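Student: The amino acid sequence is not available; the structure is as follows:
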C-alpha cells in the first residue's frame, strides 16, 4: 500500500493561504502572501529536503498544480527541481484542464475515489503539498496517514485554514518535532484512530 502524506506551511493562527509570494493566491482579498519567506532558514530547507529526499509522487489541487507547473519544469537542480519533475503528478480538478507538466494525471472520476484506489497499490508514497481545497476534502476521509506541519511565527488573520469546518475528528500521534533558528516549529504527526477524551474531575 502507498502512504498519503500531507505537508503544509501554516501561520500560528492556522492560515495556509499563499505562503510563497504576494500574488500566489489573493482570493477573498488576501494581502499577506509570502509570509514564510522571512523565516525560511537552512533548517526549514533541510526539513523539506528530507521530505522530498525519498521516492514520491505528488497529489495536487488545480491551483497548486498551476503554480508548480509554472515554475518547476524550468527550475534548476540546485533549486530542488528534479524530484518534483520526476514525480507523477496526480491532479484534482472540477474540470478537465490541459495538464502540460510531464507525468501529470487527472484524478478521475473524482479525487477521493481515485485516491482510494491509488493508496491500495504498491508504489512510492503520495505527497500532498499546498492544495488547501483538496486537503479540506481529504480531512473528511481516512486516507491521510501523516501530517507534516510547519508552523511559522506570524499571525495573518483571515485566510484559508488548514483545518476547516469539515475536519473529521481524528487522533494524532507525534512522530517528530524540531524548531528552526527562525522559530518555525516543524512536526510530523501520524493519524491514530478515534479522538480520546477524559476528565480531570474533582
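Tutor: Thanks, I have the structure now. This structure is a prediction, so every number in the text was calculated from the model and none was measured.
Student: Do a quick rundown of the helices in this protein.
Tutor: In the chain, the helices defined using DSSP state H lie at 42-51, 62-69, 81-86, 111-119, 132-138.
Student: okay, those in JSON lines with mean neighbour count next?
Tutor: Any C-beta I mention is one placed from the backbone N, CA and C, and that applies to glycine too. Listed next are the helices of the chain as JSON lines, based on neighbours: other CB atoms under 10 Å:
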{"stretch": "helix 42-51", "mean neighbour count": "15"}
{"stretch": "helix 62-69", "mean neighbour count": "20"}
{"stretch": "helix 81-86", "mean neighbour count": "16"}
{"stretch": "helix 111-119", "mean neighbour count": "17"}
{"stretch": "helix 132-138", "mean neighbour count": "20"}
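Student: okay if I get those helices as a markdown table plus mean pLDDT and distance to residue 148?
Tutor: Listed next are the helices of the chain as a markdown table, based on pLDDT from 0 to 100; distance: least, CB to CB, whole Å:
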| stretch | mean pLDDT | distance to residue 148 |
| --- | --- | --- |
| helix 42-51 | 95 | 6 |
| helix 62-69 | 92 | 16 |
| helix 81-86 | 90 | 15 |
| helix 111-119 | 94 | 17 |
| helix 132-138 | 92 | 12 |
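Student: can you tell which of the ones you listed is closest to residue 175?
Tutor: Evaluated over the helices of the chain, closeness to residue 175 peaks at helix 42-51, with 12.6 Å, by CB to CB.
Student: Tell me which other helices or strands the closest one touches.
Tutor: strand 4-11, strand 146-152, strand 185-191 (3 or more CB pairs under 8 Å, 6 or more residues apart in numbering; DSSP states H and E).
Student: switch the cut-off to 7 Å
Tutor: Helices and strands touching helix 42-51, as assessed by 3 or more CB pairs under 7 Å, 6 or more residues apart in numbering; DSSP states H and E, comprise strand 146-152.
Student: Neighbouring strands - and their directions - for the strand it packs on?
Tutor: The pairing partners recorded for strand 146-152 under DSSP bridges are strand 4-11 (parallel), strand 185-191 (antiparallel).
Student: tell me the angle the last one makes with helix 42-51.
Tutor: Same thing as strand 185-191. Following axes from the mean of the first three to the mean of the last three CA atoms, to 10 degrees, one obtains 30 degrees for the angle between strand 185-191 and helix 42-51.
Student: Could you list the buried residues of strand 185-191?
Tutor: For strand 185-191, the neighbour count (16 or more other CB atoms under 10 Å) marks 186-189 as buried.
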